[in-house]
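Undergrad: Show me the folded form of this:
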Amino acid sequence: MRTERQVDAGAELCIFVPAYNVAAHIESVIERIPKPVWEKVIRCWIIDDGSHDGTRKVIESIAADNPKIEPVLFEKNRGYGAVVREGLRRSRKTGAATAVCLHGDGQYPPESIPPFMEAMVAEGYDILQGSRIASGTALRGGMPLYKFVAGKILTFFENIVFGLKMTDYHSGYLFYSRNALLRIPFDWLSGSFDFDLEVIACARARGMRVGERPIPTRYAGEVSNLNPFSYGLRVVGVMLKYLAGTYRRL
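TA: Numbering: from 1, shown residues only. Coordinates of the predicted model:
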């Protein structure tokens, strides 16, 4: 069996898929990854975070049909940040030029992987995030109005704090360069949903290039595990820590 360090010639991408109670969606997500992308993939990990709806069986079935897919099965729920951290650790070890976090609930588009990879190279991004707001499809795509409004307010302050002109800091569709994989201290970041924002904070604190591209918005009955009130407080906490210089010292 090939180890993580036995890289296919020409391969340059790692995909990791957070999966929690997504038995109804995960197979479709994997099927939607464009075939040419698989030629560049070193490894795709589907990381089950202690699901209890049959997700594990579906993942094992998918992996049996594709040698580049490897199941990672957590016995207990560890939280979103722990899952993403696991994917990034594994991606770092492979020597991949790029890693992408592709959620298992189908909210983010696998079809966008090729243009995002091209933008990473052409624009020299270290972190590239998919923006549902920039696409103009947020409300039409089913984003709840309260999330849309709250996101707008938080984004206004985030742009001031981080010195960027982003539209959607709260998307989980993130691409990481090799530089980001090596230099961002993932092990010190949150175990919750603010992990992604902390990644951006660390990247900015280290002078890395952060940007976004539009993606379509899709809310199709997926069950959200995010508490908007506690998440909002965590976002404010990340901004305060950034202003205090915490992410420069990590």
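Undergrad: C-alpha from now on. contacts and neighbour counts both.
TA: Will do.
Undergrad: could you pull out the helices for this protein?
TA: 26-31, 35-40, 55-64, 80-94, 113-123, 145-162, 178-183, 195-205, 228-243, 246-249 (DSSP state H).
Undergrad: counting contacts, what elements does the fifth one pack onto?
TA: Okay, so that is helix 113-123. strand 174-177 (3 or more Cα pairs under 8 Å, 6 or more residues apart in numbering; DSSP states H and E).
Undergrad: winner for burial among the helices of the chain?
TA: helix 195-205 (a mean of 23; mean count of other Cα atoms under 10 Å).
Undergrad: model confidence over it, on average?
TA: What helix 195-205 shows for mean pLDDT is 98.
Undergrad: With only the CA atoms kept, save that helix in CSV.
TA: Output of helix 195-205 as CSV, limited to C-alpha atoms (Å, rounded to 0.1, in the frame of the first residue of the first chain):
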residue,chain,number,x,y,z
PHE,A,195,-10.9,27.9,13.3
ASP,A,196,-11.1,29.2,9.7
LEU,A,197,-11.1,32.9,10.8
GLU,A,198,-8.1,32.2,13.0
VAL,A,199,-6.3,30.8,9.9
ILE,A,200,-6.9,34.1,8.2
ALA,A,201,-5.8,36.0,11.3
CYS,A,202,-2.5,34.0,11.4
ALA,A,203,-2.0,34.5,7.7
ARG,A,204,-2.4,38.2,8.0
ALA,A,205,-0.1,38.4,11.0
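Undergrad: Touching that helix from outside, list them.
TA: 80-81, 126-127, 162, 169-170, 172, 174, 180, 184-186, 189-190, 209-210, 235, 238-239, 242, 245, 247-248 (Cα atoms under 8 Å, 6 or more residues apart in numbering).
Undergrad: Try it again at 6 Å.
TA: Here helix 195-205 makes contact (Cα atoms under 6 Å, 6 or more residues apart in numbering) with 81, 247-248.
Undergrad: Pretty sure S131 sits against D168.
TA: Yes - using Cα atoms under 6 Å, S131 is in contact with D168, at 5.2 Å.
Undergrad: These two: which is more packed in?
TA: S131 (27 against 24; other Cα atoms under 10 Å).
Undergrad: how about the residue nearest to the more buried one when sequence neighbours are not counted, what does it touch?
TA: Using Cα to Cα, 6 or more residues apart in numbering and skipping the chain neighbours, the partner closest in space to S131 is P214 (4.7 Å). By Cα under 6 Å, 6+ apart, the contact list for P214 reads 130-131, 134-135.
Undergrad: just curious, which of these is nearest to K147?
TA: Closest approach to K147 among the contacts of P214 (Cα to Cα): S131, at 13.9 Å.
Undergrad: What residues does the closest one make contact with?
TA: 168, 213-215.
Undergrad: give me that answer again for 10 Å
TA: Neighbour list for S131: 108, 137-138, 166-174, 211-217 [criterion: Cα atoms under 10 Å, 6 or more residues apart in numbering].
Undergrad: State the pLDDT value of it.
TA: With respect to pLDDT, S131 scores 97.
Undergrad: next one: N225
TA: 70.
Undergrad: ok, it to W188 distance?
TA: Counting by Cα to Cα, to the nearest Å, the gap from N225 to W188 is 22 Å.
Undergrad: cool, V72 as well?
TA: Taking Cα to Cα, one finds V72 at 21 Å from W188.
Undergrad: Those two - which one has more neighbours?
TA: V72 (21 against 12).
Undergrad: The more buried one touches R43, doesn't it?
TA: No - under the criterion of Cα atoms under 10 Å, V72 is not in contact with R43, lying 11.9 Å apart.
Undergrad: intersection of neighbour lists for the two?
TA: F16.
Undergrad: Check the model's average confidence along stretch 146-164 for me.
TA: On average, stretch 146-164 scores 96.
Undergrad: Contacts for that stretch next, please.
TA: Contacts for stretch 146-164 (Cα under 10 Å, 6+ apart): 132-133, 138-139, 145, 165-170, 197, 200-201, 203-205, 210-211, 228, 232, 235-236, 238-240, 242-243.
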